[in-house]
Each structure stands twice: as C-alpha cells, then as structure tokens.
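Peer 1: predicted structure and sequence below. I'll ask about it afterward.
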Amino acid sequence: MIQGARVFWVGFVLHFKNLSVSPFMMVTAAAWPLVYATLAFLMFRATHQAPSLLYAALGAAVMGIWSTTATSAGGAIQQQRWWGILELLVAAPARLILVLAPITVAIAGIGIYSIASTLLWGRLLFGVPFHVEHPLLFAIAIPAAVLSIGLLGLVLASAFVLYRSASNLSQALEYPVWLITGMLIPLSLLPGWVSPIAWSLAPTWGMRAVRRAALGGDVGTPLLLCAVLSVVYTLLAMLLLHHFERLARERATLSLT
Amino acid sequence: MRVWLRIFFVGGLISFRALFSWIRPSVYIPTLLLGPTTQILFFAYLGRTAHLKSDSWFVVGNAVQSASLAALFGMGFAIDGERWTQTLSAVLATPANRAALFLGRALPVLANAAVTASTGFVGGALLLGFRTPWSQVLPLALLLVLASFACTGLGMLVGAIGLRTRDVPIIANLTMAVLLIFCGVNIPLDKLPGWMSAVAEGLPMTHAIAASRRVADGASLGTVGTEMFVELGLGAAYLAVGFLLLRWFEQEGRRLGTLDRA
C-alpha cells in the first residue's frame, strides 16, 4: 500500500514538473482559461441578471482543469507509445494503473495554474473580489477536484487507447463537459435528461465543491461524491487497462500506433 | 500560366491531403464537424445564463467564427507540417512560383473552413431552433466564404510566423482566442471597452459576423455591402502581408541556413 502510494506520488511529481515546462501545456493551463474567464466576465458584466463575477472566475478556473485533461489525458497512453517507453511501463513490476494514473492526474494537476491565473486575472483586470467563505475546505476541494478529474482522464485514456485518434476524440469532449457540468451554466437551465449524465462526471462535483467552499453552501456532499467517483473511475480504468494489456500482449501490438 | 495553375490547384490539393492527419473521418467529424455545434451550444446557454442575447444571435456569431479553427490551423500547418515531415527545404528549394505554391495551399483550407462553419448553422437549426428564410441561405453561404477567405488571410500570417518558430499551434490558438473575444462573436461590440471594439474593426470576422446577423434576419446582401467590402479588404491585406512575410522569412532562412532550425 505504502509502496503503491510512493510510486503514484513520485510519478505525479515527475510528470507535473515535466508538464510545467511544456509551453503548449502551460498555454493550455494558464493562458487559455483566461480567454473564457474574460468572455464570461464581459458577458456577465454586460447585464444585471447574470451570476457574480467570482462565480464566473471559479467556473473558468475549473474549466482550465478540464481543458488540460481533455486536451492531453485522452492521448496520454498514446504519447508514451510515441516516446517508445510504453513497453517499459507495461513491463515494470509496478501495477500499470499506478504508473499511468500519475500521468493523467498530473495533467489535471497543472490545471492548478489555471486557478491561480484566472483568479489573479479577475482581480487585477476586472476587480473581482476574492473572498473565500471556507478557506480550509477550499484548500481541500481543489486537490479533490483535480484528483477526480484526473482519474476521469485516466478512464478516457484507457478507453481510447486502441484508437490512433484518441487525443482528438478526447479534445472533442471539452465543450460538452463544460456545458453540462455546471461550470458557468447552471444545470437548471439544461434539459432534465442531462442531469444524470452530469452527476456521473467528476467535474460536476469538483466544481460544486470548489464553488461552495468559496461562496458558501454544503461542501461535504460534493467532496464525498468526488471521492466516490474517484474510486469508480479507478476500478473502471483498471478493468479497461487489464483488457487493453491482454489484447496488446495477445496481438503483439503494444508498440504499434 | 499552365504550370502556375497546376501548382496552384494540384499542388495545393496534394499538400492539403498529405499534411493534415485530421482529414481522417475519425478526427474530422468530432473535431471540425461537431466542434462548431458544441461551441454554439455552450455559448448559447452561457448567453441564456447572462440574459444577454437570443440563441440565434449566438448561433450566427459562433458558426461564422468557427471558420477560424480550420483556417488558422490549416494555414499554420500548411507551412509547419512541411517541417514536421522534413520536406520544407525540398519545397522551398523548388523553382516553383511562390504565389502559386502558397496561395494554392490556401484554397482547400478556405473551402474546408467554409464547410466547417456551415455545420454550425446546421447544428444550430437542429438543436436550438435557429431559422432563417430559405432565400437567405445563399447570401449566408457567400458571407461564410468571405469570412473564411479573410480568416485564411490571417492564417497565412500565422503560417509565415511558422517559418520562424515551432509554436504554430500556440500562435493559432491565441489568434483564435483574440477573434473569439474581440470580434463580437459572443459579446456585442457596444458592450466591449472602447479600445477593444476599435481593435475589432481591424480584425477579420467582425464585419462578416455583423453582416451575417443582418442577412440571417432577412436583410439583402446589398444592405451589407460596406461590411462585405471591408471584410474582403481586410482578408486581402492579411493575405498580402502574410505572403510577403513568408517570402522575407524564406529568404532570411536561406541566407542564415535556419529553415529547419526554427
């Protein structure tokens, strides 16, 4: 158990540092959310019936976490294959999920930059007041959201691993997930059939936890659901990875794209 | 002249097919055909949240703007893709007329951008009930081609910068972001700070989007002649500047031996 946690943590730190020096990932994580934050600020400011600007800032920040995940997590395994290290990762004595999960969680983790940049952008350019109702819960909600969203990324990576176009398919999920998980648009505005889909997605509860910790409200339930979904995603990814590994070994296609 | 036309049409088409991995259906459909619709849905619902404008207003703005995705990335990769496939030096070593070579690559990109944008209208009609009189479909299609032309011109500029830097996707993304914020796609120009709406006047898309909204509401093409003329002029200006920059960077690259090193 401790050894598994150590493999996960070392992998997470390594990939987090690696991603932090990638210009493309940093633009996706730190600059691209500013575009949506700016749009939301300007749209919400243009009328008097819109939610508060802090609501928009927090939404745009968590959108950034999903952006990095959608952009890169879907093709994470493919990326290891292109680098020529997938065979080494699969052959390593550690369980495959303990090697791959840190990659997708680190991809979601660099969304931390989006939270920092978006809140700072809102404060400096739009005068958005940053007052957090429950600072401690806010500090817990962010890693909980990152972890659950990163594990959803692992499910995507595992599900799309047999497809060459994995990365593009994953990217195509960026807007739909933004739309239905209540990041900027309240779920009450969407058709009723969308809600069950939204409830099964970690960004919904991650967003709710972060927003309620900042603006007030029950944080416990969304945090608990983040944890539950993290466990479900892990089990699902283990199942998919087991299947993928068996197929790849049988067909000798592990290194083929 | 015949050689010029062959390089323009055949060369452009072959380059388009060779360089873009996203013309495979498994990538093309989710990225370029469904992408505009999901963008439209997101902003239409965001508009409802802010009580800003009608769904149709967002459908037209975002559908026209979605041409920029195909145009900016298409033209960017038309240059950068040669470097990735290690054919850039070979292409630039040919004695082929540069106008035919580079403008030929712009034509399929322009057509693709217009097709991409048109799917946004279809998505808007199916999912948000966007309606316009049938008589307005052809004028709208013409405006889409015009917007795609102007954006392809801007894409030529992005492609030219690609001769000097490896970060074409980043530049294309940031350029698209500027268009999304400044051009009245989701925020009416009169709600933007003054300097932003002033900048918007010099960007492609602003005038095409304004004209498209009026035409979608039933106006004739004649009443939006000024906007069309300005959009055409802007597109031609960006195309010319992009082409001249390409020539300059090419000559500099040859002189300094840095074509493949950028």
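Peer 2: Perfect, thanks for sending it.
Peer 1: and for residue A:91, the neighbour number?
Peer 2: Counted with other Cβ atoms under 10 Å in any protein chain shown, the neighbours of residue A:91 add up to 9. Placement of C-beta: from N, CA and C, glycine included.
Peer 1: then residue A:20?
Peer 2: Applying other Cβ under 10 Å, we find 16 other residues in the vicinity of residue A:20.
Peer 1: next up, the contacts around it.
Peer 2: A:26, A:110, A:113 (Cβ atoms under 8 Å, 6 or more residues apart in numbering or on different chains).
Peer 1: what's the closest of those residues to chain B?
Peer 2: Checking these against chain B by Cβ to the nearest Cβ gives residue A:26 as the nearest, at 9.3 Å.
Peer 1: quick one: average confidence on the helix or strand harbouring residue A:59?
Peer 2: Secondary structure from DSSP states H and E places residue A:59 in helix A:53-68. The predicted model gives helix A:53-68 an average pLDDT of 91.
Peer 1: check stretch A:29-44 too.
Peer 2: Mean predicted lDDT for stretch A:29-44 stands at 90.
Peer 1: any idea how far it is from the chain center?
Peer 2: Taking Cα atoms, centre = their mean, to the nearest Å, one finds the center of stretch A:29-44 at 18 Å from the center of the full chain.
Peer 1: related to what we said a few turns ago, alpha carbons of the helix holding residue A:59, in CSV - could you do that?
Peer 2: The C-alpha trace of helix A:53-68 is given here as CSV (Å, rounded to 0.1, in the frame of the first residue of the first chain):
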residue,chain,number,x,y,z
LEU,A,53,-18.0,37.6,-11.4
LEU,A,54,-16.5,35.4,-8.7
TYR,A,55,-18.9,32.7,-9.8
ALA,A,56,-17.6,33.2,-13.4
ALA,A,57,-13.9,33.2,-12.2
LEU,A,58,-14.2,30.0,-10.3
GLY,A,59,-16.1,28.4,-13.2
ALA,A,60,-13.4,29.4,-15.7
ALA,A,61,-10.7,28.2,-13.4
VAL,A,62,-12.1,24.7,-13.1
MET,A,63,-12.8,24.8,-16.9
GLY,A,64,-9.0,25.1,-17.2
ILE,A,65,-8.5,21.8,-15.2
TRP,A,66,-10.9,20.0,-17.6
SER,A,67,-9.2,21.7,-20.6
THR,A,68,-5.8,20.2,-19.8
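Peer 1: before we move on, the earlier item: now intersect the contacts of residue A:20 with the helices, please.
Peer 2: Counting by DSSP state H, the part of the contacts of residue A:20 found in helices is A:26, A:113.
Peer 1: could I get the contacts of residue A:20 as JSON lines with neighbour count and distance to chain B?
Peer 2: Listed next are those as JSON lines, based on neighbours: other Cβ atoms under 10 Å in any protein chain shown; distance: Cβ to the nearest Cβ, whole Å:
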{"residue": "A:26", "neighbour count": "18", "distance to chain B": "9"}
{"residue": "A:110", "neighbour count": "26", "distance to chain B": "15"}
{"residue": "A:113", "neighbour count": "22", "distance to chain B": "15"}
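Peer 1: the helix holding residue A:59: what's the following helix or strand?
Peer 2: Once the chain leaves helix A:53-68, the next helix or strand it forms, by DSSP H and E, is helix A:76-82.
Peer 1: burial count for residue B:229?
Peer 2: The criterion is other Cβ under 10 Å. On that basis, residue B:229 has 12 neighbouring residues.
Peer 1: quick check: it vs residue B:117, distance?
Peer 2: According to Cβ to Cβ, to the nearest Å, residue B:229 and residue B:117 sit 20 Å apart.
Peer 1: now residue A:186: how far from chain B?
Peer 2: To chain B, residue A:186 is 7 Å away according to Cβ to the nearest Cβ, to the nearest Å.
Peer 1: next, give phi and psi for that residue.
Peer 2: Residue A:186 adopts backbone torsions of phi -60, psi 140, taken as degrees, to the nearest 10.
Peer 1: host element of the closest residue to it other than its chain neighbours?
Peer 2: Once flanking residues are discounted, residue A:186 sits nearest to residue B:49: 6.5 Å by Cβ to Cβ, 6 or more residues apart in numbering or on different chains. Assessed by DSSP H and E, residue B:49 sits inside helix B:35-50.
Peer 1: packing partners of that helix?
Peer 2: Here helix B:35-50 touches helix A:32-45, helix A:174-180, helix B:55-65, helix B:98-128, going by 3 or more Cβ pairs under 8 Å, 6 or more residues apart in numbering or on different chains; DSSP states H and E.
Peer 1: what's in contact with the second one?
Peer 2: This points to helix A:174-180. So helix A:174-180 is contacted by A:63, A:66-67, A:70-71, A:184-185, A:187, A:190, A:194, A:197-198, A:201, A:203-204, B:35, B:38-39, B:41-42, B:45 (Cβ under 8 Å, 6+ apart).
Peer 1: relative to helix B:35-50, how tilted is the helix holding residue A:59?
Peer 2: With axes from the mean of the first three to the mean of the last three Cα atoms, to 10 degrees applied, the angle from helix A:53-68 to helix B:35-50 works out at 160 degrees.
Peer 1: returning to what we had before: looking at the helices and strands packed on helix B:35-50, which is buried most?
Peer 2: Comparing the helices and strands packed on helix B:35-50 by mean neighbour count (mean count of other Cβ atoms under 10 Å in any protein chain shown), helix B:55-65 comes out on top with a mean of 26.
Peer 1: is that helix up against chain A anywhere?
Peer 2: No - residues of helix B:55-65 contacting chain A under Cβ under 8 Å from any Cβ of the partner chain: none, with a closest distance of 10.3 Å.
Peer 1: show me what the following helix or strand past that helix packs onto, helices and strands only.
Peer 2: Counting by DSSP H and E, the next helix or strand C-terminal to helix B:55-65 is helix B:67-84. For helix B:67-84, the elements it packs on are helix B:12-19, helix B:88-93, helix B:98-128, helix B:137-161, helix B:168-182, judged by 3+ Cβ pairs under 8 Å, 6+ apart.
Peer 1: which positions in the fourth one come out as buried?
Peer 2: Buried residues in helix B:137-161, defined by neighbour count with 16 or more other Cβ atoms under 10 Å in any protein chain shown: B:139-140, B:142-161.
Peer 1: again with the shortest one
Peer 2: Within helix B:88-93, the residues that qualify as buried by neighbour count (16+ other Cβ under 10 Å) are B:88, B:91-92.
Peer 1: just give me the closest of those to residue B:100.
Peer 2: Set against residue B:100, the nearest of the buried residues of helix B:88-93 by Cβ to Cβ is residue B:91 (12.3 Å).
Peer 1: would you confirm that that closest one contacts residue B:85?
Peer 2: No - if you go by Cβ atoms under 8 Å, residue B:91 and residue B:85 don't touch, sitting 9.8 Å apart.
Peer 1: sweet, I'm off.
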